[in-house]
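In: I'd like to go over a predicted model; first the sequence, then the structure.
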Amino acid sequence: MSEKNIKELDDIKQQALLGLSSLGSVDQLENWRVRYLGRKGDLTNVLRGISNLPIDDRKIVGSKANKLRIYLEEEYQVNLSKIKSGNLDIQDAIDITLPGRKVKMGRLHPSTTMIREIIQAFNEMGFQTVEGDEIELEKYNFDMLNIPADHPARDQWDTIWIDSDQHDDLLLRTHTSPMQARVMEKNDPQVRVIVPGKCYRYEATDATHEWHFNQIEGLAVDTNITFADLKGTLYEFVKKIFGPSRKVRFRCDFFPFVEPGVDMSIDWNGRWIEIMGAGMVHPKVLEAVGYDTEKYTGFAFGMGPERISMLQNEITDIRHFYSNDLRFLSQF
Ligand code: DAH
């Protein structure tokens, strides 16, 4: 009697293992489990019949059947996790049937693009690019530019001062003009520099004012530099950026570090739009850096690249430049 049962158990094991080898999905494995280990499964049938066997056979068949049950249950678990991890691999794999998609490219910030375009125009006219620090000494930001402490012109630049134990004269530069003094202090004439950089002002923001923005400063000092050179250079610049037939206008303006001082406007659909301040370098500024004012003269200018970009690209609010909104930035 028991021989028959043992043969039966061997057959079950053989078939079960054969069945396992061809399983590929959780569903198939579940069918396998039901067939061999389920309540009406082959092995369960044998186990059920054990109580009808003679006592001696019961032990032998019972223990063999139980071992087989444990073995098949283990096989079930092992195969279940194999199939599951196999499925995970498939999920993580690259789906080569997906159609190709355009790679998203980063691009330069519109301020950077404008700054580079302006610098390029001046580089072509022999100006060299230099940069300065955004944290500046009061002396360079004001005093050496002929703006003494009690001068009302200081009010024109609302300053963000820096709290420091060691210094009471540190500020965030309000313009790029301090680099005029720094460059001249370090170099003898001739000087031809263009200075891009970030500036800061303590002021309320609106569509045309930001508390931080870029400026581009220019300075040329040499023998025999006249107001005609200023006009010629700046007119050439406008032609490069705004096209050869653009009209320009110079009007008197006041900046303490130039004399005479002007502002330059360009014709914009029949309106004059101011794009920069400029002038002949004030003799006091040249004196402050030790230049011989009998021998040397120069001109200087300063402009806001964001404002120029606003004109070119019909941008109505300067705050867009620094709001980091991709809807704005991705238009450039
Ligand atoms: N620094 C001036 C400002 O921030 C702009 C400026 C005006 C610069 C005239 C110059 C200049 O070099 O000559 O308003």
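Out: Looks like it arrived, so ask away. Numbers count the residues shown, from 1 in each chain.

In: this protein: strands as residue ranges?
Out: 128-129, 135-137, 160-161, 170-172, 191-200, 212-222, 248-253, 258-268, 271-281, 297-303 (DSSP state E).

In: in its sheet, what does the third one sit against?
Out: Yep, that's strand 160-161 we're talking about. strand 170-172 (antiparallel) (DSSP bridges).

In: and the residue lying closest to T316 once chain neighbours are set aside, what does it touch?
Out: Among residues not flanking T316 along the chain, A207 sits closest, at 6.4 Å (CB to CB, 6 or more residues apart in numbering). No exception for glycine: its C-beta is placed from N, CA and C like everyone else's. Going by CB atoms under 8 Å, 6 or more residues apart in numbering, A207 touches T316, D317, I318, R319.

In: go on, M125?
Out: Here M125 is in contact with T233, E236, F237 (CB under 8 Å, 6+ apart).

In: any idea of the pLDDT on the nearest residue to T233 once chain neighbours are set aside?
Out: Distance criterion CB to CB, 6+ apart; nearest residue to T233, sequence neighbours excluded, is M125 at 6.2 Å. The model reports M125 with a pLDDT of 97.

In: from the ligand, how far off is M125?
Out: Distance, M125 to the ligand, by CB to the nearest ligand atom, to the nearest Å: 16 Å.

In: longest single helix anywhere in the chain?
Out: Counting residues, the longest helix found in the chain (DSSP state H) is helix 55-92.

In: helices and strands around that helix, which ones?
Out: Helices and strands touching helix 55-92, by 3 or more CB pairs under 8 Å, 6 or more residues apart in numbering; DSSP states H and E, are helix 2-21, helix 26-37, helix 42-49.

In: run the angle between the longest one and helix 42-49 for me.
Out: It refers to helix 2-21. Interaxial angle of helix 2-21 relative to helix 42-49 (axes from the mean of the first three to the mean of the last three CA atoms, to 10 degrees): 160 degrees.

In: quick one: mean pLDDT for helix 2-21?
Out: For helix 2-21, mean pLDDT is 86.

In: mind giving me the packing neighbours of that helix?
Out: Packed next to helix 2-21, using 3+ CB pairs under 8 Å, 6+ apart, are helix 26-37, helix 42-49, helix 55-92.

In: near the ligand, which residues of the stretch 201-332 of the chain?
Out: Those residues of the stretch 201-332 of the chain that sit near the ligand, judged by CB under 6 Å from any ligand atom, are E217, F255, V258, G277, A278, G279, A300, F301, G302.

In: so who does Y36 touch?
Out: By CB under 8 Å, 6+ apart, the residues touching Y36 are I12, Q15, A16, G19, D42, L43, L72.

In: how close does it sit to the ligand?
Out: With CB to the nearest ligand atom as the criterion, Y36 and the ligand are 87 Å apart.

In: so who does the closest residue to the ligand within the stretch 51-200 of the chain touch?
Out: In the stretch 51-200 of the chain, the residue that lies nearest the ligand is H175 (3.4 Å; CB to the nearest ligand atom). Each residue near H175 by CB under 8 Å, 6+ apart is listed here: N141, W157, C199, Q215, E217, G302.

In: how many other residues sit next to K139?
Out: If you count neighbours by other CB atoms under 10 Å, K139 ends up with 13.

In: for L53, same thing?
Out: Look at L53: counted by other CB under 10 Å, it has 16 neighbours.

In: list phi and psi for it.
Out: Per-residue torsions, L53: phi -80, psi 160 (degrees, to the nearest 10).

In: that one and K64 touch, don't they?
Out: No: with contacts counted by CB atoms under 8 Å, L53 stays clear of K64, the gap being 11.9 Å.

In: thinking again about what came up before, reformat the helices and strands packed on helix 2-21 as a markdown table; add mean pLDDT.
Out: Below are those laid out as a markdown table (pLDDT from 0 to 100):
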| stretch | mean pLDDT |
| --- | --- |
| helix 26-37 | 89 |
| helix 42-49 | 86 |
| helix 55-92 | 81 |
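
In: can you list these in CSV and add distance to A181?
Out: Formatted as CSV, the helices and strands packed on helix 2-21 follow (distance: least, CB to CB, whole Å):
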stretch, distance to A181
helix 26-37, 78
helix 42-49, 96
helix 55-92, 61
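
In: looking at those, spot the one closest to R101.
Out: helix 55-92 (18.8 Å; CB to CB).

In: buried stuff in that closest one?
Out: Across helix 55-92, burial judged by 16 or more other CB atoms under 10 Å covers D57, V61, G62, K64, A65, L68, R69, L72, E75, Y76, N79, I83.

In: and the two most separated of the residues you listed?
Out: D57 and I83 (37.4 Å).

In: now E287: closest residue in space that isn't a chain neighbour?
Out: Spatially, and ignoring its direct neighbours in sequence, E287 is nearest to T293 (6.0 Å; CB to CB, 6+ apart).

In: number of residues surrounding that neighbour?
Out: 13.
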